[in-house]
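**Student:** Let's see this in three dimensions:
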Amino acid sequence: MKQLVESYINKITMYWLVVYGLILIATVALVLSAGGVLNISFVAMATSLTVLIAVSYGASRLFAWIFSTKHNRESWAITALILFFLLLPARNGRDLLATALVAVIAVASKYLLTFRQRHLFNPAAVAVTISGLIGLAHPGWWVATPYLLPVVLIVGLLIVWKIRHFTMVTMGIGMAVLTALVVALINHYPLAEEMSFLFLSSPIIFAATIMLTEPFTTPPTRKWQLIYAAVVGFLMTCQLASFLTPELAIVIGNALVFIVGQKGAVVLEFVGVKPIAPRTVEVVMKPVRRFTFTPGQYLELSLPHTDTDARGMRRTFSIASGPEDEYVRFGLTVSDPGSSFKRALLNLNKGAIVRTTRVGGDFILPTNTDVPLLLIAGGIGMTPFRSMLDDLVRRKEARDIVLVYGARSEEGLVYSELIESAKKTLKLVCIPVISEATPSWGGEAGIITVDTITRLVPDSALRRIYISGPSLMVDGLRAQLIKSGIKRNHIVKDYFSGY
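**Tutor:** This next block holds a predicted model:
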């Protein structure tokens, strides 16, 4: 079952998963309304949804034209659908006009409430907050009903599973629960009733799994993700003031993310593409402005293009170059015909400008240089390790590192020159493992399993273990290692969910 779910969610981007999930919730809501289960007019719901979709689409097209950028077909749909669940369905012409204006505000916020081409707030949350403050429209969060909870849970779980933000979402919900308990005890509210209301009739599940995880406004590192989630969870249930609504809690959290996070989009100039292995290429770009990152982190590229397929216009790549490198490099596998994103990326003209939407990640080496390390790479999962090794070689920082590097063929082993340099400079031990070895291959053959690791690295239990590669390989090997007795907090994982 887990493999089936993994297979499904790895075929589409996070953004389209959100779109499809929200459509599913909306469809169930309309069916329940038509059947009289929800005490909301079917006509009002259908009319509001139609207006939100039409106006959000039109506003997105208009602002894209005004600001000379390409229309994002995922973003406007997500905004429209979230607004559908936050605003009470319109009962008359005035309500419909207010609903349309809220949609315009939400889309406009992506272009106007920005800093260096990065929007600052969750569009739906900030639009509903503004409309409430000026008396234009007030939120209803009618999605928070026991009848929709099962489908919201399923959709939310899939989204969190896709982006691996279980810890952050758990922190947000946990802080909301803890705060609600404290408030109930102080005010002598019945605890059972408060908990029942929190999970069945408050928007905490929808907000935590679908809105808190919005990529543009999520902190890039785990520490700040947990702080962000805790702040929002606290503000959603603390009842400190009547104006402290769930949407305002999210907006305040977004402001916190901006204060502590990256202050603008990273702009790159396309340099070229070079083959580095069969079906594997390295994309080279030059930053228009210098930016900082830690070896092992990723960047998300935004590449609007025609005939965009279901994978969308954004893709995440681990950075393969070191922080001091003049160029930004990342590797990717190629196939025929491949996704529309890959085709557009590989066919860029030299000098073309590509924007990133975020840089971050916690797949970084410990600051304590005495910690022995075991790096396990599968295929293109070697890219973040390439960044780490490049940085260590430049700084001549020797560490106790063993690299177990799995590839399909001998020709599939990439970055051999850097690895050889690291062997000399850092005393790196590299053990390649070929899954489809030829008779002439004299090294390790087969797939990397816990038995392979135990045999090749007898002291693996004493090392901090980093795993990078396809998600099934990463999750499967991590589970094997934990089952063998390796402590969970000794394993750091990265994964590539289908480029």
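
**Student:** just for the chain, where's the confidence low?
**Tutor:** Low-confidence segments of the chain, defined by pLDDT under 70: 1-3, 5-8, 116-117, 261-264, 310-311, 495-499.

**Student:** quick check: longest helix of it.
**Tutor:** Counting by DSSP state H, the longest helix found in the chain is helix 42-66.

**Student:** So for that one, what gets flagged as buried?
**Tutor:** 42, 44-45, 47-49, 51-53, 55-57, 59-60, 63-64 (16 or more other C-beta atoms under 10 Å). Heads up, the C-betas are built off the backbone N, CA and C, glycines and all.

**Student:** Give the other helices and strands that the helix or strand that it is followed by contacts.
**Tutor:** Next helix or strand after helix 42-66 toward the C-terminus (DSSP states H and E): helix 75-86. Helices and strands touching helix 75-86, by 3 or more C-beta pairs under 8 Å, 6 or more residues apart in numbering; DSSP states H and E, are helix 14-34, helix 42-66, helix 93-112, helix 123-133.

**Student:** from memory residue 434 sits against residue 447, does it?
**Tutor:** No - judged on C-beta atoms under 8 Å, residue 434 makes no contact with residue 447 at a distance of 9.7 Å.

**Student:** Of those two, give the one with the bigger neighbour count.
**Tutor:** A side-by-side neighbour count of residue 434 and residue 447, using other C-beta atoms under 10 Å, places residue 434 first with 21 against 15.

**Student:** Looking at the helices and strands packed on helix 75-86, which is nearest to residue 374?
**Tutor:** Among the helices and strands packed on helix 75-86, the nearest to residue 374 by C-beta to C-beta is helix 14-34 (29.5 Å).

**Student:** before we move on, back to that, let me know the angle separating the longest helix of the chain from helix 75-86.
**Tutor:** Going by axes from the mean of the first three to the mean of the last three C-alpha atoms, to 10 degrees, helix 42-66 is angled at 150 degrees with respect to helix 75-86.

**Student:** Give me the contacts around helix 42-66.
**Tutor:** Contacts made with helix 42-66 from outside it, assessed by C-beta atoms under 8 Å, 6 or more residues apart in numbering, are listed as 26, 29-30, 33-34, 70-72, 75-77, 79-81, 83-84, 87, 89-91, 95-96, 99-100, 103-104, 106-108, 110-111.

**Student:** Quick one: buried ones out of those residues?
**Tutor:** 26, 29-30, 33, 72, 75-77, 79-81, 83-84, 87, 89-90, 95-96, 99-100, 103-104, 106-108, 110-111.

**Student:** Name the residues contacting each of residue 434 and residue 447.
**Tutor:** Common neighbours of residue 434 and residue 447, using C-beta under 8 Å, 6+ apart, are residue 406.

**Student:** which residues of the stretch 151-300 of the chain fall in strands?
**Tutor:** For the stretch 151-300 of the chain, the strands defined by DSSP state E, counting those that start in this stretch cover 267-277, 280-287, 298-302.

**Student:** about what we covered before: take the helices and strands packed on helix 75-86 and lay them out in CSV including distance to residue 315.
**Tutor:** Output for these, formatted as CSV (distance: least, C-beta to C-beta, whole Å):
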stretch, distance to residue 315
helix 14-34, 10
helix 42-66, 20
helix 93-112, 20
helix 123-133, 21
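
**Student:** And the most centrally placed residue in the chain, how close does it get to residue 113?
**Tutor:** In the chain, the centroid-proximal residue (C-alpha atoms, centre = their mean) is residue 163; its distance is 4.6 Å. Taking C-beta to C-beta, to the nearest Å as the measure, residue 163 falls 24 Å from residue 113.

**Student:** With residue 180 instead?
**Tutor:** 30 Å.

**Student:** Compare these two and say which is more crowded by neighbours.
**Tutor:** residue 180 (25 against 16).

**Student:** now the more buried one, nearest residue through space, not along the chain?
**Tutor:** In space, and not counting its chain neighbours, residue 180 is closest to residue 237: 4.3 Å by C-beta to C-beta, 6 or more residues apart in numbering.

**Student:** I'd like to know which of the helices and strands packed on helix 75-86 lies nearest to residue 382.
**Tutor:** Across the helices and strands packed on helix 75-86, closest to residue 382 is helix 14-34 (C-beta to C-beta), at 23.7 Å.

**Student:** still on that earlier bit, help me confirm that the residue nearest to the centre of the chain comes into contact with residue 213.
**Tutor:** Yes - the pair residue 163 and residue 213 passes the contact test of C-beta under 8 Å, sitting 6.1 Å apart.

**Student:** how about the strands in the stretch 301-450 of the chain?
**Tutor:** Using DSSP E, counting those that start in this stretch, strands in the stretch 301-450 of the chain cover 314-318, 328-333, 353-360, 373-378, 401-407, 429-434, 444-445.
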